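Participant: Fold the following, please.
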Amino acid sequence: MHKQEVTIYDVAREAKVSMATVSRVVNGNNNVRKETRDKVMEVIKRLHYQPNAVAQGLASKRTTTVGLVVPDLTNLYFAELSKGIDDIALLYKYNIIITSIENRLMKEDQAIQSLLNKQVDGVIYMSNRLSDETVEAFERTNTPVVLAGTKDSRVDLPSVTIDYKKADTEALNLMFNDGKKNLAMVVGDPDAVVNSDYRIPAYKQFLKDHNLSEEHIYTNIKDYSDGYNLYSQLVKDGIDGVIVTRDSSAVGILNSAIDAGANVPEDLEIVTASATQIASVVRPALTTIKQPLYDMGAVAMRMLTKLMNNEEVDDINIELPYELLKKQSTLNQ
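Facilitator: Numbers count the residues shown, from 1 in each chain. Here you go, the predicted model:
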């Protein structure tokens, strides 16, 4: 049975449930027993059923709508990425449906399925965390998907990023050359692929290459207050240089250090990894890895327009150039 020939009726018949039950499952409705949900999902996977490939020609009709999956609408990192996406979408006359998974009210795979059910022509996914279920959802669909500001080695999806390993290594080398020898890495979600597969390995490799035995990785530091509260632990651990993946957490560390009477950068150097506006408005201004966030979003959206129109794409895994902006939170400016 071909994927495009499978209907909701086929799934219901195979799973021995009603079509309403199948509809509730694919729409992420929680009013379905786990055993029933699992049975329906097994049939959906086995038959390669896609709700947006329903009969009556729906799958062949263009909606000129793109789905955007955002983990946190208040995070400046994703806001700047989204601006680039939105401008190119407007240029090519696409509408955008935004789905936020900030509060985990909807799992990532359910968010993807919800967008596909709305007949979107393509999806841009910006979350740094891809669950196994999300990867499976991407692999099942014929709808083009592009990752913006993230990548995942488990699935061959188009992506627009920077070279995270190279960027972090350059930042660590800057602090090392300033005489900082007890270097730390501060990350949000340690399971986020950018952290687990690129940033943390780059940090560990740097320590190994420079014969630095003390490894300090602080995880689940996700906002200003987390960073502020972490500073006392950094002092206890003798940290004299830190690379922080989230700008808000870096500002928390900076302000806590200043409140404690420390001197930044003499006592502690800080490099942050996103270069959102918050990194430049604080004093001392933060040295940062400047990611071209607007361009990353714009390039991701342009790539998606090509994929949606079956145009040739020369490179589906694009790494844009970054810049290490040396400001007042490091000695070497």
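Participant: contacts, neighbours, all on C-alpha from now
Facilitator: Will do.
Participant: Straight-line length of stretch 305-319, end to end?
Facilitator: Taking C-alpha to C-alpha, to the nearest Å, the first and last residues of stretch 305-319 lie 18 Å apart.
Participant: List of residues touching it?
Facilitator: Residues outside stretch 305-319 that contact it (C-alpha atoms under 8 Å, 6 or more residues apart in numbering): 92, 121-122, 143-144, 157-163, 303.
Participant: State the mean pLDDT of it.
Facilitator: Average pLDDT, stretch 305-319: 91.
Participant: Which residue ranges of the stretch 151-300 of the chain form strands?
Facilitator: With DSSP state E, counting those that start in this stretch, the ranges of strands along the stretch 151-300 of the chain come out as 159-161, 183-186, 216-218, 241-244, 269-272, 287-290.
Participant: same question, the stretch 1-150 of the chain
Facilitator: Using DSSP E, counting those that start in this stretch, strands in the stretch 1-150 of the chain cover 65-70, 95-100, 122-125, 145-148.
Participant: Can you flag the weakest of the ones you listed by average pLDDT?
Facilitator: When I compare the strands of the stretch 1-150 of the chain, strand 95-100 is least confident, with a mean of 88.
Participant: circling back: closest to residue 239 out of the contacts of stretch 305-319?
Facilitator: Using C-alpha to C-alpha, residue 163 comes nearest to residue 239 of the contacts of stretch 305-319, at 25.7 Å.
Participant: what's the burial count for that closest one?
Facilitator: Neighbour count of residue 163, defined by other C-alpha atoms under 10 Å: 15.
Participant: Same question for residue 216.
Facilitator: For residue 216, the neighbour count with other C-alpha under 10 Å is 17.
Participant: next one: residue 184
Facilitator: 23.
Participant: Out of the contacts of stretch 305-319, which end up buried?
Facilitator: Neighbour counting over the contacts of stretch 305-319 (16 or more other C-alpha atoms under 10 Å) leaves 121, 122, 143, 144, 157, 158, 159, 160, 161, 162, 303 as the buried ones.
Participant: ok, of the residues you listed, which one's closest to residue 233?
Facilitator: residue 162 (30.5 Å).
Participant: which residues touch residue 92?
Facilitator: Contacts of residue 92 (C-alpha under 8 Å, 6+ apart): residue 305.
Participant: what do you get if the cut-off is 6 Å, keeping everything else the same?
Facilitator: Neighbour list for residue 92: empty [criterion: C-alpha atoms under 6 Å, 6 or more residues apart in numbering].
Participant: For the protein, just list every one of the helices.
Facilitator: With DSSP state H as the criterion, the chain has helices at 8-15, 19-26, 34-47, 76-91, 108-117, 132-140, 164-177, 193, 200-209, 224-236, 247-259, 277-281, 293-308.
Participant: With that, I have no additional questions.
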